[in-house]
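>>> I would like to see how this sequence folds:
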Amino acid sequence: MNRLTSLERSLLVLIGVWAALAGIANYQVWPAIPRFLIATLALAGLAWVVSFATEQLGERFGPGVTGMLQSTLGNLPELFVVVFALQKAELVVAQTAIVGSIFANALLVLGLVIVVGARRSPDGIMRFSHRLPRDTATLLQVTVFIIVLLGLSLGSHDPASHHVQAISIVGAVCLLVVYMAWVIPYLRADAAAGSDKGVSAQQAVGEEGHRDRPRLGLGLNLALLCLAGAASAFVSDWFVNGLKPAIVQLHISQAFAGLVIVAIAGNAVENTAGLVLAYKGRSDLAISVVKNSVAQIAAFLFPVLVLISLALNTALTFSLAPVYIGALALTALAIWQVTSDGEAAAYEGWALVALYVVLGTLTLYE
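Take a look at the predicted model:
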């Protein structure tokens, strides 16, 4: 059952070496830039391990369940990065990391997945299920509503602006309730879809393209996930330790570090898995991985971190800089426009990528 290719074995060994080097660089206080680069590569590598092990585990399920698994476990590095940033009072890095992950997935990764998927399609149009894109747009809009409301309150200096933390706590609880009300029926519907048609989930996804049987046994799957998750916690701490001195030497802003560097490194799962699946012609699963991540970060991870931060040195709220509030609102509209009809052309994917590039450029001057 455990049939790893020589390339996969080599990658696992290399990632283990990079993770060990990141620890050595941190505790021996190597120069800032090499220490930061090693930790970044190790973090991205561990995200790939989670992606690989989760994809093998998810071969037994439908695209919705598999996408949810990959998104949930793939967000572990990002969760740890934000928690350690808050513990070290790096509020800007924490805020831009979590918001940057929404931008990176909703614009950059989704855009590239659409480009690849559309180019692999015979007629140049990538087609996928309508439900998840519409659900993701709704969840993102609920999150954006809370963020915009707080921004307007703070901008107008009304009495509610003095209670941002309390409003954020209520908003976080409401978001979690809405997310759970969505995710449970969604997963049940995905699991039932295959059985209602009289086929296995494996066969159902096989309609999109060839689906290999799992090559890893359950024991190795779980071992890889546990090891990668534990290593991600340590590497995330080392990553945050090296972040501030590195960005000072590189002369880049904290906003750029959070919205671009941390977001891309922390979302390596969606970056790799989504593109590979789109290239294989598995459109529903490719979109599921990326869109599940957007929904989960906005309506689950963000509110969970708001509540966790109550026990940390720095409190995280839904209060953001006006430019990011506007960018989030426009992002929600853009992904609804592009994906709500269940199909997208390559130019629409490039349009989403262009939005991310412009936003990333803006953060260079923050």
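>>> show me which parts of stretch 314-325 are buried, residue by residue.
Of the residues in stretch 314-325, 316-320, 324-325 count as buried by neighbour count, 16 or more other C-beta atoms under 10 Å. (Each C-beta comes from the backbone N, C-alpha and C, glycine too.)
>>> quick check: mean pLDDT across it?
Stretch 314-325 shows a mean pLDDT of 92.
>>> contacts for that stretch?
Contacts to stretch 314-325, defined as C-beta atoms under 8 Å, 6 or more residues apart in numbering, come from residues 82, 86-87, 89-91, 94-96, 98-99, 143, 146-148, 150-151, 154-155, 164-165, 167-168, 171-172, 302, 305-306, 309, 328, 362.
>>> try 6 Å this time
By C-beta atoms under 6 Å, 6 or more residues apart in numbering, the surrounding residues in contact with stretch 314-325 are 86, 89, 91, 94, 99, 146-148, 150-151, 164-165, 168, 171, 305-306, 309.
>>> now stretch 355-366
The contact list for stretch 355-366, computed with C-beta under 6 Å, 6+ apart, reads 107-108, 253, 255-256, 259-260, 327.
>>> measure how far that stretch is from the centre of its chain, please.
Offset of stretch 355-366 from its chain centre (C-alpha atoms, centre = their mean, to the nearest Å): 19 Å.
>>> mind telling me what element Ala344 is part of?
According to DSSP states H and E, Ala344 maps onto strand 343-345.
>>> how many other residues sit next to Trp336?
Trp336 has 17 neighbours, counted by other C-beta atoms under 10 Å.
>>> could you say which helix or strand holds the residue nearest to it when sequence neighbours are not counted?
Of all residues not flanking Trp336 in the chain, Ala137 sits nearest, at 4.0 Å (C-beta to C-beta, 6 or more residues apart in numbering). When elements are assigned from DSSP H and E, Ala137 belongs to helix 131-156.
>>> separate out the buried members of the contacts of stretch 355-366.
Neighbour-count burial (16+ other C-beta under 10 Å) is assigned, among the contacts of stretch 355-366, to 107-108, 253, 255-256, 259-260, 327.
>>> just those now: which is nearest Ser6?
Leu108 (31.3 Å; C-beta to C-beta).
>>> and the closest one, that's in a helix?
Yes. Assigned with DSSP: H, G, I helix; E, B strand; the rest coil, Leu108 falls within a helix.
>>> neighbours around the closest residue to it other than its chain neighbours, how many?
Nearest residue to Leu108 in three dimensions, chain neighbours excluded: Tyr356, at 4.2 Å (C-beta to C-beta, 6+ apart). When counting by other C-beta under 10 Å, one arrives at 26 neighbours for Tyr356.
>>> buried stuff in the helix or strand in which Tyr356 is found?
Tyr356 belongs to helix 346-364 when assigned by DSSP H and E. Buried residues in helix 346-364, counted by 16+ other C-beta under 10 Å: 346, 348-349, 351-353, 355-356, 359-360, 362-363.
>>> many thanks, I have nothing further to ask.
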